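# predicted coordinates and the sequence they were generated for:
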Amino acid sequence: MNLFLEETAGQEAAAGGPNYMIWVWLIVMAAVFYFLIIRPQKKREKQERILRNSIQPGDEIVTIGGFVGRVLSVKDDTVTFEMGADRTKMTVKKWAIQTRTSPEQKTEQPEKIEEKPAEKTEAVFDGEEKK
């Protein structure tokens, strides 16, 4: 038994450290993987689920295919909306909705501030500028 312990100690010294360091590095790598990849993905999925479950008739939506329209009705997992000038109706699954804008959000948008046009200057090669 004593011979086995001496042999194990010799292998640890030859390997550069005790064997538990491998487990420490594996745990550290798993934690980094969780906090950089898994956790943000779950957070994003939760936000998308909340968005899709909060769709109401009258909201403006954009689908992942790029269709833009106003929601007419919402059922279990489908949404019917109208789009375009001829009010074409389309039914899509909830998972196909990318963004939503409610009517309250549209009225609360800040007004655009008009900017003054910049003065035009001409460069003259004799070292002076003309306005």
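Cool, got the structure.
# tell me the secondary structure for Gly69?
Reduced to three states with DSSP: H, G, I helix; E, B strand; the rest coil, the structure at Gly69 is strand.
# wait, it touches Thr80, no?
No - at 9.5 Å, Gly69 does not count as touching Thr80 under the criterion of CB atoms under 8 Å. Just so you know, the C-beta spots here come from the backbone N, C-alpha and C atoms, and that holds for glycine as well.
# neighbour count winner among these two?
A count of neighbours by other CB atoms under 10 Å puts Gly69 above the other of Gly69 and Thr80, at 21 against 15.
# that one and Gln41, how far apart?
As judged by CB to CB, to the nearest Å, Gly69 and Gln41 stand 29 Å apart.
# next up, the contacts around Asp76.
Going by CB atoms under 8 Å, 6 or more residues apart in numbering, Asp76 touches no other residue.
# and if we set it to 10 Å?
Each residue near Asp76 by CB atoms under 10 Å, 6 or more residues apart in numbering is listed here: Lys94.
# specify the local secondary structure of it.
State at Asp76, reduced to three classes by three-state DSSP: coil.
# quick one, phi psi at it?
phi -50, psi -60 (degrees, to the nearest 10).
# show me what contacts the residue lying closest to Phe81 once chain neighbours are set aside?
Of all residues not flanking Phe81 in the chain, Gly69 sits nearest, at 4.0 Å (CB to CB, 6 or more residues apart in numbering). Contacts for Gly69 (CB under 10 Å, 6+ apart) come out as 59-63, 79-84, 87-90, 92.
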